[in-house]
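**Student:** Provided below are the primary sequence and the corresponding predicted coordinates.
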Amino acid sequence: MRVFVAGGTGHSGSYIIPELIAAGHEVTGLARSDVSAAALSALGAKVRRGDIQDLDGLKEAAADSEGVIHVAHRQDLLPSGGMDAVAAAELPIMLAYGEALAGTGKPLVAAGSIGSPGQHLGRPATEEDPALPSGEEHKGTLRVRNVVERAVVDLAEQGVRSSVVRIANIAHGTTDRAGFLPTLIALGKEKGFVGYPGDGANLWNAVHIRDAATLFRLALEKGPAGRYWHAVGDGDGAIPFRNIAEAIANRLGLPAVSIPDDALMTPGYFGFLANIATQSYPASNLITRRTLGWEPAQPGLFADLDNGHYFPAG
């Protein structure tokens, strides 16, 4: 099919586009700059010049396509407005896609977060757990973006084959430059030790970015409307944070150290990551695998850490 991709030159998009092309789809990517346009062309995609702030342009691009994948975010808003500003900018984009695709049955696949169904379920989150509602009391937290996921899923009621791919906390791979893993590695180098919160038993999850790209393709091709999918690698759905810290510490030749779960100590080490690093996010991918036939095939988190690309020589 003819697929429009927004965010095609980012960490996930740069794998999604080749995945789509290899499967026979014709891809057009959105480019704001000459650099982005060249990167899209190098990936084999056609180029549509524009910006995600141009809602009319996005509606036109969506209407011209047979499916849309959206993995772009206004990261430039984070320093000044935090996740509140990012979500506020993203919601009108999804509603614009909805206007363009309403009643067509065409697919819209958007990126989401594995943490959106909550971290206190007493069991691994499944694809049937909805994104938690967010209100005034959640300002300044990751939960504010849940309004975007819920809006995408709700478009199913308007005749859009919409779905959300919830991406694991750690989406690892050779192009991972700004995710949680590089941030944790940088923190260890800066502090001289690799920290983990409390006893480090809180559970995180991971996926190889190539496997995540395959899931976006499958959701586009055959995902039923109004669904969530879990981009969580096999065996990587419940990894104790301490194990991740120890693996990083081993590669850096540094000690792994417990950071007391304290209002001063935890932010003192983790900074803006404190509220995220201390949470537990166990998640299952069973429904995703059974429904879409997705089978993660790339190296798991610890195997990828052993590949060395996160720790370049020198």
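**Tutor:** Right, received. Where do you want to start?

**Student:** need the contact list for E90.
**Tutor:** E90 makes contact with H73, R74, R145, V148, according to CB atoms under 8 Å, 6 or more residues apart in numbering. The C-beta positions use only the backbone N, C-alpha and C, and glycine is treated the same way.

**Student:** excluding its backbone neighbours, what's nearest the second one?
**Tutor:** Looking back up the chat, that one is R74. A89 (4.4 Å; CB to CB, 6 or more residues apart in numbering).

**Student:** equivalent analysis for the last one, please.
**Tutor:** Sequence neighbours aside, E90 is the residue nearest to V148 in space, at 4.9 Å (criterion: CB to CB, 6+ apart).

**Student:** where does that neighbour sit: helix, strand or coil?
**Tutor:** Put simply, E90 is helix when judged by DSSP: H, G, I helix; E, B strand; the rest coil.

**Student:** check the gap between it and A38 for me.
**Tutor:** Distance of E90 to A38, given as CB to CB, to the nearest Å: 26 Å.

**Student:** one more: P92?
**Tutor:** For P92 relative to A38 (CB to CB), the value is 29 Å.

**Student:** swap in K191?
**Tutor:** 38 Å.

**Student:** show the pLDDT at the residue nearest to R74.
**Tutor:** On pLDDT, A89 comes in at 93.

**Student:** show me the contacts for it.
**Tutor:** Q53, R74, L77.

**Student:** which positions in stretch 298-310 come out as buried?
**Tutor:** By neighbour count with 16 or more other CB atoms under 10 Å, stretch 298-310 contains the buried residues Q298, P299, G300, L301, D304, L305, Y310.

**Student:** pick the one among these closest to R166.
**Tutor:** R166 lies nearest to L301 out of the buried residues of stretch 298-310, by CB to CB, at 16.9 Å.

**Student:** just the pLDDT at that closest one, thanks.
**Tutor:** So, for L301, pLDDT stands at 95.

**Student:** that one contacts I170, doesn't it?
**Tutor:** Yes: L301 is in contact with I170 according to CB atoms under 8 Å; the separation is 6.3 Å.

**Student:** still on that earlier bit, can you lay out the buried residues of stretch 298-310 as JSON lines showing secondary structure and distance to D236?
**Tutor:** What follows is the buried residues of stretch 298-310, written out as JSON lines (DSSP: H, G, I helix; E, B strand; the rest coil; distance: CB to CB, whole Å):
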{"residue": "Q298", "secondary structure": "coil", "distance to D236": "11"}
{"residue": "P299", "secondary structure": "coil", "distance to D236": "10"}
{"residue": "G300", "secondary structure": "coil", "distance to D236": "5"}
{"residue": "L301", "secondary structure": "helix", "distance to D236": "5"}
{"residue": "D304", "secondary structure": "helix", "distance to D236": "10"}
{"residue": "L305", "secondary structure": "helix", "distance to D236": "12"}
{"residue": "Y310", "secondary structure": "coil", "distance to D236": "16"}
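
**Student:** what helices or strands is the least confident helix or strand in the chain by mean pLDDT leaning on?
**Tutor:** Across the helices and strands of the chain, mean confidence by mean pLDDT, DSSP states H and E is lowest for helix 274-277: a mean of 86. Where contact means 3 or more CB pairs under 8 Å, 6 or more residues apart in numbering; DSSP states H and E, helix 274-277 is packed against helix 265-270.

**Student:** who are the contact partners of I248?
**Tutor:** By CB under 8 Å, 6+ apart, the neighbours of I248 are L181, L184, I185, G188, V194, A256, L305.

**Student:** scan those residues and report the most crowded one.
**Tutor:** The most neighbours of any of those, using other CB atoms under 10 Å, belong to V194, which has 26 neighbours.

**Student:** so what's that residue bridging to?
**Tutor:** A256 (DSSP bridges).

**Student:** need the helices for this structure, in chain order.
**Tutor:** Along the chain, counting by DSSP state H, helices occupy 13-22, 34-43, 55-64, 78-101, 146-154, 180-191, 209-222, 241-252, 265-270, 274-277, 286-292, 301-306.

**Student:** many thanks, I have nothing further to ask.
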